[in-house]
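> next come a sequence and a model predicted from it.
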Amino acid sequence: MKYNTQDYEEMYRKDPATFVQEVRKSSEAASYLLKRCAELAHILGIQEPGKKEEVVAEVMVTLYERSLKTYKGGPLDPWLKTIIFNREIDLWRVDARRCRLLSLDDNMLGDTNNKTHA
């Protein structure tokens, strides 16, 4: 059966288990899920340019690799908000780690440069 956007909206809210099954086999359902994840990320306050897209991309990977297979039913919004929030934290950790490593590299280069010029 062919569904349209309104069908997916209704299915998402009234029959989440069927919607999740549709996402696994339909690019249109997956597109609706992508749009909904972006809306939820915005609601959660992720508005920094590029950050929302990065978080949503990570969420979609997580959903396809693990979460859609283990979905147990229930409302999708709280479940997705949790996944979005957790992916945002993961990305903050990666950014913080990257900044620390760059800082260490700068410190090491600074020490090397000071020793060679002394």
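Arrived safely.

> what's the helix or strand for Pro49?
Pro49 belongs to no helix or strand when assigned by DSSP states H and E.

> got phi/psi on it?
Dihedral pair for Pro49: phi -50, psi 130, per degrees, to the nearest 10.

> so how many other residues sit close to it?
By other CB atoms under 10 Å, the residues close to Pro49 number 6. C-beta here means a position set from N, CA and C on the backbone, and glycine is covered the same way.

> with Gly74 instead?
For Gly74, using other CB under 10 Å, the count is 10.

> need the contact list for it.
Gly74 is in contact with Pro16, counting by CB atoms under 8 Å, 6 or more residues apart in numbering.

> averaged over its residues, which helix or strand of the protein has the lowest pLDDT?
Lowest mean confidence among the helices and strands of the chain (mean pLDDT, DSSP states H and E): helix 76-117, at a mean of 77.

> give the contact list for Arg98.
No contacts exist for Arg98 under CB under 8 Å, 6+ apart.

> not counting its neighbours along the chain, what's nearest Ala53?
Slight slip there: residue 53 is Glu, not Ala. Ala38 (7.8 Å; CB to CB, 6 or more residues apart in numbering).

> correct me, but the one you found touches Lys52?
Yes: between Ala38 and Lys52 a contact is recorded at 6.5 Å, counting by CB atoms under 8 Å.
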